[in-house]
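Asks: Fold the following for me, if possible:
(chains A, B and C)
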Amino acid sequence: MRSAYSFNLESEYSRIAMAMLMAVLAVYWLALLSLMYHSEKVVPGIKLLLVMAAGLLAVKGMRQAAALATGARVMGKMQAPQRLRRSWLYASLMSTTYAWGFFVAGGTVLLALSQSSWKWTMAAALFSTILCLATIAVLSRYGMLHRTWSWIISLGSLALVVATSLTIGISAGLDLFGELPMAFQLMLAISWPLLAYRLALNWSNEQPIGVFATREANDGVWARFAGYARRYTILQPAKAAHSGPPTSFQSSPFRAFVLVANPLCMFLAMGQQYLAAPWGSKIGALHIVVLGFVTLYCSWSIVCKDLHWRMVLAPGGLYRGKIGGHILRSTLTLQYTMLLILLLICAVSAWAAFDIPFKRDVEWISKFCVFPIEMLFATTLAVTLRGTGLPMLFIGLFSSLLIICMGTLLWMYGLKHQPELLAVGPTYVCLLLSTTALLIMLSNRLWTIKKLFRFRNWA
Amino acid sequence: MNFEITPTSPTPIYRQIVEQVRRLVASRKLGPGDELPSVRAVALHYAINPMTVSKAYSLLETEGLLVRKRGIGMAVADAHPESTQQDKFALLRPALMSAAQITRQLGISDSEAQTLFKSCLNEYPKEKKDDKR
Amino acid sequence: MTNDNPIIETSRLSMRYEYATVLNDISLSVPRGAVVGLVGRNGAGKSTLLRCLVGLEEPSQGSAQLFNCPSLDLTDAVRERLGYVAQTPDLFEWMEVTEHLRTIGQAYPRWNEERCMVLAARMNLPIGRTVKNLSGGDKQKLAVVLALAHDPDLLLLDEPVSNLDPITRREFMRALFLDRASEEERGANKERTIIISSHLLTDLERVVSHVAFMRDGRLQLFDAWDSLLEHLRLVPQPTIDVPRAALVCKNPRDAQCVIDTRLAPEYADAGRILSLDELFEELNA
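Replies: Prediction:
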């Protein structure tokens, strides 16, 4: 399965960003490797590295899957020779597989040499599973596989993450995964090579069907929801990398849902371990770093409501002068709605499964009432950061910095014994709220209609 | 050399070319042995289908007006009788017929029509005999 | 020497959706070297017909063939000689124009970088720019260059120049016939067969050898354009009955009809000759 032709499956930018992040992870890997024999404390660091590598691999897999789908569509539509399309298919699958192999090798080495409770096959199992899920979800989104797959995978993983984080916590959940019997893990580990092989075999000779098929939403409640969701434009950083016909990935209401649910997932996932700051407790430096991560994650999925040329031309323009605030409002609407829905689901399932009365839920929630304020702060910071118009390169650097900080803190203090900085109380809340107000004013200044135009999806 | 090609006219393009070449040869603007622009050049210049030009040239070749010269292209045939007065009249006839038709339709008298034609003739200066283009 | 088989052939092609019959029993046979103008009102089924010809859609009934190869199962040999421009071009947005041209071109044996660049220059396509930064018209130009760059023997174009200015459209028409590789390379396949679907009838009149009129999914008329010009006449509704076969169409509102004088030579001097847009109007009245 060699590709005889040369392709650039992704833009220069994303290749450089990916290479940079992989380099950072590689450096971290080396650090862990060298410190391995000196102390026990590397174990949480290894776990962190594996989770981040899984995330990066998922992103790479998704981008390559999108490239695959785009290639199939463009070349199919011009009836280019099959061998070209086949080469493109192999090139994208091989690219992902190389990355997978790279990560599996690194992860397995670390796990094998360390004394962690995770089995050494865990790296391969984790990476394969995540990669398979990500690839199938994206391919299904582009119509190359049956559409329901993307729904099943996204909703399923969302439910899984929420459930795990609220019951035993993400960390414990990962431990569970890592301690699965080796045979089972090996089975999971070969899932990616199998999938890649199967896809290559299936699509070698025949064009994937449904690549051109576009389906509109049906009538009824779903259509109304979809129509409402379509008013929100996702201000994607890497715009138009894989854009296609209007009914594709970008404008789907599903994507809006997923992208907003993602940061929430992250909140909840981290919530148990790091972010959870009940009223009255003290938070450490790690908490700040995690907040930084959450901000970063948010910055990928800010939305703007009603970004349409009709609104821009209407009297008053599109909230001229207060665009930053408008973006913030749009994003927060979706986030808070999602949060409420999730809390409701949790309360109801807690009552149904464990007979927990609602009053206890309310008490529990009131303990973490600083969480929505932190969410507000993180989102505002994210909107402001994006408003500066800094290229993703800087944001990549910022994230690398965060990874380094987190790694150092974990190394120095371990998971549980972080030095405490602030108390969660009225002062903390005031600090957050005042910074938020300043950031709102700043973002109003920074966001101009011209910057918004970059994301327009009218021609 | 410039053809006048109007794609939207009722005459097919190939016929326009044929008639114009005939006229050019009859009026000695194209002499025996003169080369015509290649099919490709004409098609390129006017952004028309080369097959149309090719068709026109082939028709003229069958008529004997043009001859294909190896390596050069199409040229006006050498051995071609000097067009008689009859041939020239045949070329002028169609234009005069439509003029006559319009004259009758508008109800203009014969003498008035002839005076008008004379004044039109005066608008075009007489061509010198050895003026070849 | 040349193969007499038609390059494009359809046989009772029909396409039915739940809301309409888009193609109705179309049997078309296009000879080698023909330049066919496919005209019809919006919704007449031109795009669908072209997509069925190219194999991007499966008809409900009937079949289509290109170079004697079923459209739904085109071999790579046929694809190498085929160029198709869809109504809305699909491109790799992240690549530069040169990169895009090279990526696609490398799969075609007759692709030649120099010719490709000359073509791009003629059509004023900015080759250093990234595709996502191209204007709509430039993207269309890129799609056209992609289709022409490998010197195809068969071109199917779906409104390829609707967004382009008149000068570029003129260059496009020139490019359709020129830049053909040398005769030795192509052997007997000298003439390019082209089907263009377009609303710009004055542009079509310059280049077509045949015209196909479509209305409501049916093929109304398909004939050589020169013949149509010479033999069709628009006459006011005659009192005597015209033989059925010679009557091309009747316009009830204006009491006029179009008559084929090959089958009814007595009308050769009556009425007047129609241009392409006049014939279009009459056929769609």
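Asks: OK, now which residue of chain B is nearest to chain A?
Replies: In chain B, the residue that lies nearest chain A is B:Asn49 (24.5 Å; CB to the nearest CB). In short, each C-beta sits where N, CA and C put it, glycine included.
Asks: what comes up buried for stretch B:16-34?
Replies: Of all the residues in stretch B:16-34, those buried under the rule 16 or more other CB atoms under 10 Å in any protein chain shown are B:Gln16, B:Ile17, B:Val18, B:Gln20, B:Val21, B:Arg22, B:Leu24, B:Val25, B:Ala26, B:Arg28, B:Leu30.
Asks: out of the residues you listed, who's nearest B:Gln86?
Replies: Among the buried residues of stretch B:16-34, B:Ala26 lies closest to B:Gln86 (CB to CB), at 10.8 Å.
Asks: Against B:Phe89, how distant is the closest one?
Replies: Distance, B:Ala26 to B:Phe89, using CB to CB, to the nearest Å: 10 Å.
Asks: for A:Leu344, same thing?
Replies: 99 Å.
Asks: close to chain B, is the helix or strand that contains C:Val258?
Replies: Following DSSP states H and E, one finds C:Val258 within strand C:256-260. No. For strand C:256-260, no contact with chain B is found by CB under 8 Å from any CB of the partner chain; the gap never falls below 13.9 Å.
Asks: need the next SSE after that strand, C-terminal direction.
Replies: For strand C:256-260, the succeeding helix or strand toward the C-terminus, using DSSP H and E, is helix C:276-283.
Asks: Is the most centrally placed residue in chain B within a helix or a strand, and which one?
Replies: With distances taken as CA atoms, centre = their mean, B:Gln20 lies nearest the centre of chain B, 2.3 Å away. Using DSSP H and E, the element containing B:Gln20 is helix B:13-26.
Asks: ok so, going back, give me the secondary structure label for the closest residue in space to the residue nearest to the centre of chain B that isn't next to it in sequence.
Replies: Nearest residue to B:Gln20, sequence neighbours excluded (CB to CB, 6 or more residues apart in numbering or on different chains): B:Phe3, at 5.3 Å. Following DSSP: H, G, I helix; E, B strand; the rest coil, we place B:Phe3 in the coil state.
Asks: A:Ile46 touches A:Leu111, doesn't it?
Replies: Yes. Shown here, A:Ile46 and A:Leu111 form a contact pair, counting by CB atoms under 8 Å, at 6.9 Å.
Asks: circling back to that earlier point, list the contacts of the residue nearest to B:Gln20.
Replies: Shown in contact with B:Phe3 (CB atoms under 8 Å, 6 or more residues apart in numbering or on different chains): B:Gln16, B:Ile17, B:Gln20, B:Val42, B:Tyr46.
Asks: What of A:Met36?
Replies: A:Val42, A:Leu110, A:Leu113, A:Ser114.
Asks: Quick check: the last one touching A:Lys41?
Replies: When you say that, I think you mean A:Ser114. No. In this structure, A:Ser114 is not within contact of A:Lys41 by CB under 8 Å, at 10.7 Å.
Asks: Compare those two and say which is more crowded by neighbours.
Replies: Legend: neighbour count by other CB atoms under 10 Å in any protein chain shown for A:Ser114 and A:Lys41, higher for A:Ser114 (20 against 14).
Asks: List the contacts of that one.
Replies: The contact partners of A:Ser114, by CB under 8 Å, 6+ apart, come to A:Met36, A:Val42, A:Val43, A:Ile46.
Asks: sorry, back to before: summarise which helices and strands the helix holding B:Gln20 is packed against.
Replies: Judged by 3 or more CB pairs under 8 Å, 6 or more residues apart in numbering or on different chains; DSSP states H and E, helix B:13-26 is in contact with helix B:50-63, helix B:85-106.
Asks: Run the angle between the longest one and helix B:13-26 for me.
Replies: Using axes from the mean of the first three to the mean of the last three CA atoms, to 10 degrees, the direction of helix B:85-106 lies 120 degrees away from that of helix B:13-26.
Asks: what residues does the helix or strand following helix B:85-106 touch?
Replies: As assigned by DSSP H and E, the chain's next helix or strand after helix B:85-106 is helix B:110-123. When contacts are defined by CB under 8 Å, 6+ apart, helix B:110-123 is touched by residues B:Ala99, B:Ala100, B:Thr103, B:Ile108.
Asks: Need the three-state assignment for the residue lying closest to A:Phe103 once chain neighbours are set aside.
Replies: Once flanking residues are discounted, A:Phe103 sits nearest to A:Ala53: 5.0 Å by CB to CB, 6+ apart. Of the three states, A:Ala53 takes helix under three-state DSSP.
Asks: same check, this time on the one 3 residues further on
Replies: Using three-state DSSP, the three-state assignment for A:Leu56 comes out as helix.
Asks: Contacts only, for the nearest residue to it once chain neighbours are set aside.
Replies: Sequence neighbours aside, A:Leu21 is the residue nearest to A:Leu56 in space, at 5.7 Å (criterion: CB to CB, 6+ apart). Applying CB under 8 Å, 6+ apart, we find A:Leu21 in contact with A:Leu56, A:Gly396, A:Ser399, A:Ser400.
Asks: For A:Leu21, what are phi and psi?
Replies: Backbone torsions of A:Leu21, given as degrees, to the nearest 10, read phi -70, psi -40.
Asks: repeat for the one 4 residues further on
Replies: The main-chain torsion angles of A:Leu25 are listed as degrees, to the nearest 10 and equal phi -60, psi -40.
Asks: What of A:Ser11?
Replies: Note on A:Ser11: backbone dihedrals following degrees, to the nearest 10 are phi -70, psi 160.
Asks: Pull the number of nearby residues for it.
Replies: The tally of other residues near A:Ser11 (other CB under 10 Å) stands at 22.
Asks: From what I see, it and C:Trp94 are in contact.
Replies: Yes. If you go by CB under 8 Å, A:Ser11 and C:Trp94 touch, sitting 3.7 Å apart.
Asks: Show the residue spans covered by the helices in the stretch 351-459 of chain A.
Replies: Using DSSP state H, counting those that start in this stretch, the helices of the stretch 351-459 of chain A run over residues A:358-367, A:370-387, A:392-413, A:426-446, A:449-453.
Asks: Which helix or strand contains the residue lying farthest from the centre of chain A?
Replies: Outermost residue of chain A with respect to the C-alpha centroid, by CA atoms, centre = their mean, is A:Pro315; its distance is 37.2 Å. Using DSSP H and E, A:Pro315 maps to neither a helix nor a strand.
Asks: do A:Gly325 as well
Replies: Counting by DSSP H and E, A:Gly325 is found in helix A:323-354.
Asks: Next, work out how far apart the residue nearest to A:Phe184 when sequence neighbours are not counted and A:Leu110 are.
Replies: Using CB to CB, 6+ apart and skipping the chain neighbours, the partner closest in space to A:Phe184 is A:Ala125 (8.0 Å). As judged by CB to CB, A:Ala125 and A:Leu110 stand 14 Å apart.
Asks: ditto for A:Gly316
Replies: In terms of CB to CB, A:Gly316 sits 57 Å off from A:Leu110.
Asks: Now the phi/psi pair for A:Gln79, please.
Replies: Per degrees, to the nearest 10, the backbone of A:Gln79 is at phi 50, psi 50.
Asks: thinking it is in contact with C:Arg51, fair?
Replies: No. With contacts counted by CB under 8 Å, A:Gln79 stays clear of C:Arg51, the gap being 10.3 Å.
Asks: what about residue 124, which helix or strand?
Replies: No chain specified, so I'll use chain A. In the assignment (DSSP H and E), A:Ala124 maps to helix A:122-141.
Asks: other SSEs contacting that helix?
Replies: Judged by 3+ CB pairs under 8 Å, 6+ apart, the packing partners of helix A:122-141 are helix A:42-77, helix A:82-113, helix A:148-167, helix A:170-178, helix A:182-189, helix A:191-205.
Asks: close to chain C, is the last one?
Replies: Put plainly, it is helix A:191-205. No. If you take CB under 8 Å from any CB as the test, helix A:191-205 misses chain C, and the best it gets is 10.8 Å.
Asks: okay, now C:Asp25: neighbour count?
Replies: Residues lying near C:Asp25 (other CB under 10 Å) number 15.
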